[in-house]
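Asker: Here's a sequence, model it:
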Amino acid sequence: MSYTFSRLFRSLATTLVAGSFSASVMAQSNVWLADGTVWMEGYWCCPPGTPTCGDMVKDRRVVDGDTLINGHLYKKVYQSSLIIEKDCGVPPGTCVGTVIVDDHGVPSLFLRDTLGSMYRLVNGVEHLLYDMDLEVGDTVVQTVMWPWPSAVVLSIDSVVVQGSFRRRFQTGQFSLIEGVGWSGNGYDWFGFLQPPYLGYCSYWGFCYSVADTTYFPENGEACALPTAIPTHVAGTTIPRIHPNPASDLLVLEIPLGALHVRVMGATGAEVWRMEHPPTGRMSIPLSAFEAGAYVVEVRTGSAVSSRRFIVARP
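Answerer: Numbers count the residues shown, from 1 in each chain. Below you'll find the model as predicted:
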């Protein structure tokens with residue numbers, strides 16, 4: 001009873017404070033579900049016992065519009081996906097980036113927020129996505145969003161996102177930001193709309209933006225999904241990479257006239273670079289990288305001749 005009263009009191013207090021400033025602000029009951037909000041995340045899967053990983057995919061989800069279902073107001077979410085690389089086998093063959101639009105103009109998710117709890121509607125049934133009504137000492141329970149073991153909130157501070165303060169919850173394993181995502185537990189940043197966790201898959205967040213402003217990561221670009229990933233230009237060949245995944249040296253075949261080779265992490269930050277690499281074969285020391293997913297890029301002339309998905313294993 002006291003928990004319910006506390007939740008209602010905080011909700012009422014928030015509404016009264018918002019109303020004292022502006023009626024338009026008061027109307028925004030869930031600012032993090034404003035139209036134009038975008039989460040873009042990626043994932044790759046390495047089934048146990050297989051020598052190579054499968055497709056690495058970018059999923060982009062954007063909030064756009066309202067709809068009334070069973071008396072509840074939901075926000076509509078549309079999804080599009082981009083396959084960055086297909087499983088090429090060993091040795092790797094030709095990999096082509098492919099854009100797949102999943103929604104075809106039909107919402108892929110319906111989200112509802114009430115008193116700090118976010119639900120998503122699946123086949124007419126609501127599933128708890130997350131519950132942000134937390135105080136120090138409360139437990140972050142397992143939900144659709146959070147498949148890891150439960151954790152206790154140790155401290156709470158705030159960050160400014162989209163002109164408003166979002167609470168940030170710190171636990172011993174990770175931190176959560178209202179409506180944005182979480183990080184920690186040895187992993188990179190994640191968005192709230194990632195697919196359900198599959199035992200052998202890895203997920204991470206690329207960006208969170210509203211309209212044309214990206215908030216996480218802070219140095220990221222707006223979450224625009226490319227229409228294609230260039231894999232070659234005239235006069236060059238798609239370089240072969242092997243073995244992939246690798247834990248020591250990764251061998252890369254370099255085309256004639258390459259200007260540079262660089263490796264980027266899941267957040268887009270450059271972690272390794274070589275200018276004017278030698279034509280033929282060269283190696284990349286993956287043993288110096290943290291385990292995880294990376295993209296290796298080869299630039300020839302004024303264009304990127306190849307982008308390939310690689311995995312560093314411990």
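Asker: which residues of the stretch 1-150 of the chain fall in helices?
Answerer: For the stretch 1-150 of the chain, applying DSSP state H, counting those that start in this stretch gives helices covering 2-21, 23-27.
Asker: rank those helices by mean pLDDT and give me the bottom one.
Answerer: Set side by side, the helices of the stretch 1-150 of the chain differ in mean pLDDT, and helix 23-27 is lowest with a mean of 32.
Asker: Scan the helices and strands of the chain for the one with the lowest mean pLDDT.
Answerer: Ranked by mean pLDDT, DSSP states H and E, the weakest helix or strand in the chain is helix 23-27, scoring a mean of 32.
Asker: pretty sure residue 263 belongs to a helix, no?
Answerer: No. Under DSSP: H, G, I helix; E, B strand; the rest coil, residue 263 sits outside any helix and is assigned strand.
Asker: Next, count neighbours for it.
Answerer: Around residue 263 there are 21 other residues, counting by other CB atoms under 10 Å. In short, each C-beta sits where N, CA and C put it, glycine included.
Asker: Tell me the spacing between it and residue 274.
Answerer: 9 Å (CB to CB, to the nearest Å).
Asker: all strands of the stretch 201-314 of the chain, in order?
Answerer: For the stretch 201-314 of the chain, the strands defined by DSSP state E, counting those that start in this stretch cover 201-210, 213-216, 241-242, 249-254, 258-264, 270-275, 280-285, 292-300, 303-312.
Asker: Residue 106 versus residue 128, what's the distance?
Answerer: If you go by CB to CB, the gap between residue 128 and residue 106 works out to 24 Å.
Asker: Of those two, which one has the most company?
Answerer: Each of residue 128 and residue 106 has its neighbours counted (other CB under 10 Å); residue 128 has more, 15 against 9.
Asker: Now that one: closest residue in space, sequence neighbours ignored.
Answerer: Nearest non-adjacent residue to residue 128, counting by CB to CB, 6 or more residues apart in numbering: residue 143, 4.7 Å away.
Asker: any idea of the mean pLDDT for stretch 250-267?
Answerer: For stretch 250-267, the mean per-residue pLDDT is 77.
Asker: For the stretch 1-150 of the chain, which residues score under the pLDDT cut-off?
Answerer: 1-31, 44-56, 83-105, 144-149 (pLDDT under 70).
Asker: can you map out the strands along it?
Answerer: 37-45, 56-69, 72-85, 98-100, 109-114, 117-122, 125-131, 139-140.
Asker: export the third one as CSV, just CAs?
Answerer: Read that as strand 72-85. Taking Å, rounded to 0.1, in the frame of the first residue of the first chain, the C-alpha atoms of strand 72-85 are listed here in CSV:
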residue,chain,number,x,y,z
HIS,A,72,-5.4,2.8,-23.8
LEU,A,73,-3.3,5.3,-25.8
TYR,A,74,-0.2,3.8,-27.3
LYS,A,75,2.7,5.3,-29.2
LYS,A,76,3.4,3.7,-32.6
VAL,A,77,6.9,2.5,-33.3
TYR,A,78,8.2,1.7,-36.8
GLN,A,79,11.2,-0.5,-37.5
SER,A,80,13.7,-0.9,-40.4
SER,A,81,16.7,-3.1,-40.5
LEU,A,82,20.1,-3.2,-42.3
ILE,A,83,22.1,-6.4,-42.7
ILE,A,84,25.8,-5.3,-42.5
GLU,A,85,27.3,-8.6,-43.3
